[in-house]
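Asks: Provided below for reference: sequence and predicted model.
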Amino acid sequence: MEYRYSSYRSEDLREYLRFLPLDVAFIGPSGVGKSTTINQIFGENVAKVGEIEPETIEIQQYQLNDNLRVWDTPGYGDSTDNDEVYIRALEQLLTQRFNTKDGKFTNLYLIDFVILFVDASSRDLGTVNWMIQKIVDMGFPDSRIILVANRMDLINQHGKTNPEKQYERGMIVTERIKASTKIQLNIPVFFSAGGNENINLLIDEIIDRSKIGNRAEG
């Protein structure tokens, strides 16, 4: 099936990576728009939008094409009990490894990058900092965490995109994250899933960062 971004920069991914598809995990607090973002990338409602009970927590995968696969994780931050279930499932995902059937590639990790969502309109980074620390404690490289900020429309003035304000807000976010976690992440890519704005810039960031290759042991 041909989705909205099925053919977008496919040649670049084939050039950058030894093994395809590139696997990325969408991670973020509840209600930040991860599933809505996936639906915008695919151009149709492939991901269910809504809350998932912790007893039936599931991480869903969505294959955009032969080159890119997205893993949608339930939101965190609702309750301690829910988060404990979530963290166990997330650690299993981020630490999973495999060898290709032909033996050409060994000790590859399933997830190449974490796409970490923040709410562009919120100044509360407590749960985001907590999640970053959890991810790094699982052995996931912080160089493979890509920070993105959804709901950029809520910080626009009079409905107009303000790149300077986005950059300023992005710098504040990364500085506060570094102050709390001692980890330097990228200035977030600002987009609006609900408004279908800058989705291409989000995908560009993922593809550009994939130049470092697949995540492998050693």
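Replies: That came through fine.
Asks: ok, the residue lying farthest from the centre of the chain - contacts?
Replies: Distance from the centre of the chain peaks at D102, with 29.5 Å (CA atoms, centre = their mean). For D102, the contact set (CB atoms under 8 Å, 6 or more residues apart in numbering) is empty. (Glycine included, C-beta is placed from N, CA and C.)
Asks: next, name the residue at the spatial heart of this protein.
Replies: Short answer for the chain (CA atoms, centre = their mean): I115, at 1.7 Å.
Asks: got the phi and psi for that residue?
Replies: In terms of degrees, to the nearest 10, the main-chain angles of I115 are phi -100, psi 110.
Asks: try the one 5 residues further on
Replies: The phi and psi torsions at A120 (degrees, to the nearest 10) take the values phi -60, psi -30.
Asks: same check on G33?
Replies: According to degrees, to the nearest 10, G33 has phi 100, psi 30.
Asks: is it true that the residue farthest from the centre of the chain lies in a helix?
Replies: No. D102: not assigned to a helix; according to DSSP: H, G, I helix; E, B strand; the rest coil it is coil.
Asks: where's it relative to A179, distance?
Replies: 47 Å (CB to CB, to the nearest Å).
Asks: residues of the helix of greatest length in the chain that come out buried?
Replies: Longest helix of the chain, by residue count under DSSP state H: helix 163-181. Going by neighbour count (16 or more other CB atoms under 10 Å), the buried part of helix 163-181 is 166, 169-170, 173-174, 177, 181.
Asks: now that helix, how far from the centre of its chain.
Replies: Averaging C-alpha positions (CA atoms, centre = their mean, to the nearest Å) puts helix 163-181 18 Å from its chain's average.
Asks: with stretch 13-29 instead?
Replies: The answer for stretch 13-29 is 10 Å, by CA atoms, centre = their mean.
Asks: now that stretch: buried residues?
Replies: By neighbour count on 16+ other CB under 10 Å, the buried set for stretch 13-29 is 13, 16-17, 20-29.
Asks: sorry, back to before: quick one: which of the buried residues of helix 163-181 is nearest to S192?
Replies: Of all the buried residues of helix 163-181, S192 sits closest to Q166, with 11.2 Å by CB to CB.
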